[in-house]
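# coordinates for the following, if possible.
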Amino acid sequence: MKLLIDTDPGIDDAMAILFAARHPEIELVGLTTVFGNVPVEIATRNALALVEHCGLAIPVAQGAGQPLELPPFVPPAHIHGVEGFGHLPAFTPARQAVTESAAEFMTRLAREHPGEITLCPIGPITNIAEAIRLDPEFAGNLKRIVFMGGALDAPGNISPFAEANSYHDPHALEVVLRSQAEILMIGLDVTMRVQLQAADFAALAEAAPHDGGLLDGMAGLYLEFYRSIGQEGCALHDPMAVIACLEPDLFEIERIGLTCIVEGEETGRTLRHAEPAQSAAALDCDAARVRALFLDVISGA
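Predicted coordinates for the structure are as follows:
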């Protein structure tokens, strides 16, 4: 599977990228970066650092630094850290991002590989909306879009109504949902059902010091945040979107139109809609198998 990840690394983004890099059935063809967990410049630096950590020779393209229409947001340093990787200091990658913007890079890649690219946005979906506006054929050139964001029957995590990625650029999400692309939403209905605790990260570090050790070093602040809201473990948000790209049968999927509220008290709320019929949302999952798959791939089992 040719996979392009649009990302704002971010601790759970790092978890998702390492999973994609290590799974033998995934060909990671590039990373594009967006504002969100950190400013886009730090997201790009962190993406380059993760590519180097994994020993990959894939391009990284920098994208949007703010939403399509809303004003910029302050990144959640209390969740992911000022530098994006918890308490770890800033990385200094040797490589640089490509000169193309994220939208330019992803539209070109989709033209060169029509029907082959699965696009997995795991941050605010701004770059994908910009790509759709840049190239009217972009959505049709993709195999599908599997994004982490939204919530249908679950409560929000940044407001009572909205998940953070959808909240941070609801206008972009509406552009994507109306694009006629084949879309699967992996939202809080499923991502909160799988959690990792400190002992899981410690076990990963022991089993796979290079990858597991990196994640264990990042996880402390993330787990501290979850404890502050009454949870002992962190949710597997972004990795579950990558897992759904590869193993959709692990999820209970409702095929239905989706829409996103773009203003007012319920900004960022995702709702069922009459169309487009080619979109779908995951409402449940085989939590035990999803969790085991992630741990097995990272540990090298």
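# need the distance between the two termini of stretch 254-268.
20 Å (Cα to Cα, to the nearest Å).
# if you could redo that for stretch 134-145, that was the one I meant.
17 Å.
# now the helices for the protein?
Applying DSSP state H to the chain gives helices spanning 11-22, 40-54, 77-80, 102-112, 126-134, 138-141, 164-168, 170-177, 188-191, 198-207, 211-228, 237-246, 287-299.
# could you list every helix and strand that the longest one packs against?
Using 3 or more Cβ pairs under 8 Å, 6 or more residues apart in numbering; DSSP states H and E, the elements in contact with helix 211-228 are helix 11-22, helix 77-80, helix 198-207, strand 234-235, helix 287-299. Any C-beta I mention is one placed from the backbone N, CA and C, and that applies to glycine too.
# could you point out which of the helices of the chain sits nearest A280?
Closest to A280 of these is helix 237-246 (Cβ to Cβ; 10.3 Å).
# helix 11-22 and that closest one, what's the angle between them?
Helix 237-246 runs at 30 degrees relative to helix 11-22, counting by axes from the mean of the first three to the mean of the last three Cα atoms, to 10 degrees.
# helix 237-246 to helix 287-299, inter-axis angle?
Angle of helix 237-246 versus helix 287-299, following the same axes, to 10 degrees, is 100 degrees.
# quick check: which helices or strands does helix 237-246 pack against?
strand 2-7, helix 11-22, strand 117-121, strand 144-148, strand 183-186, helix 188-191, helix 287-299.
# can you list contacts of the longest one?
Residues outside helix 287-299 that contact it (Cβ atoms under 8 Å, 6 or more residues apart in numbering): 15, 18-19, 22-23, 193-194, 196, 200, 203-204, 207-208, 211-212, 215, 236, 239-240, 243, 247, 250, 301.
# which one is C54 nearest to, not counting chain neighbours?
Excluding its sequence neighbours, the residue lying closest to C54 (Cβ to Cβ, 6 or more residues apart in numbering) is A21, at 4.1 Å.
# so the one you found sits against G30, correct?
No. Applying Cβ atoms under 8 Å, one finds A21 not in contact with G30, separated by 11.9 Å.
# if we can go back for a sec, got CSV for the helices and strands packed on helix 211-228, with mean neighbour count and distance to G65 too?
Listed next are the helices and strands packed on helix 211-228 as CSV, based on neighbours: other Cβ atoms under 10 Å; distance: least, Cβ to Cβ, whole Å:
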stretch, mean neighbour count, distance to G65
helix 11-22, 26, 17
helix 77-80, 18, 17
helix 198-207, 17, 31
strand 234-235, 22, 26
helix 287-299, 18, 30
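# can I get the helices and strands packed on helix 237-246 in TSV with distance to D135?
As requested, these are exported to TSV (distance: least, Cβ to Cβ, whole Å):
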stretch	distance to D135
strand 2-7	14
helix 11-22	24
strand 117-121	13
strand 144-148	14
strand 183-186	17
helix 188-191	30
helix 287-299	33
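# would you turn the helices and strands packed on helix 211-228 into TSV with mean pLDDT?
Below are the helices and strands packed on helix 211-228 laid out as TSV (pLDDT from 0 to 100):
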stretch	mean pLDDT
helix 11-22	98
helix 77-80	96
helix 198-207	98
strand 234-235	96
helix 287-299	98
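# dump the ones you listed to CSV, plus distance to G140.
Listed next are the helices and strands packed on helix 211-228 as CSV, based on distance: least, Cβ to Cβ, whole Å:
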stretch, distance to G140
helix 11-22, 24
helix 77-80, 34
helix 198-207, 39
strand 234-235, 33
helix 287-299, 30
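# of all the ones you listed, which one is nearest Q96?
Comparison of the helices and strands packed on helix 211-228 against Q96 by Cβ to Cβ identifies helix 11-22 as nearest, at 18.0 Å.
# my guess is S166 contacts L152, does it?
No. Counting by Cβ under 8 Å, S166 does not reach L152; the two are 11.0 Å apart.
# quick revisit: and the residue nearest to C54, what does it touch?
A21 sits next to L28, L50, C54, L56 when contact means Cβ under 8 Å, 6+ apart.
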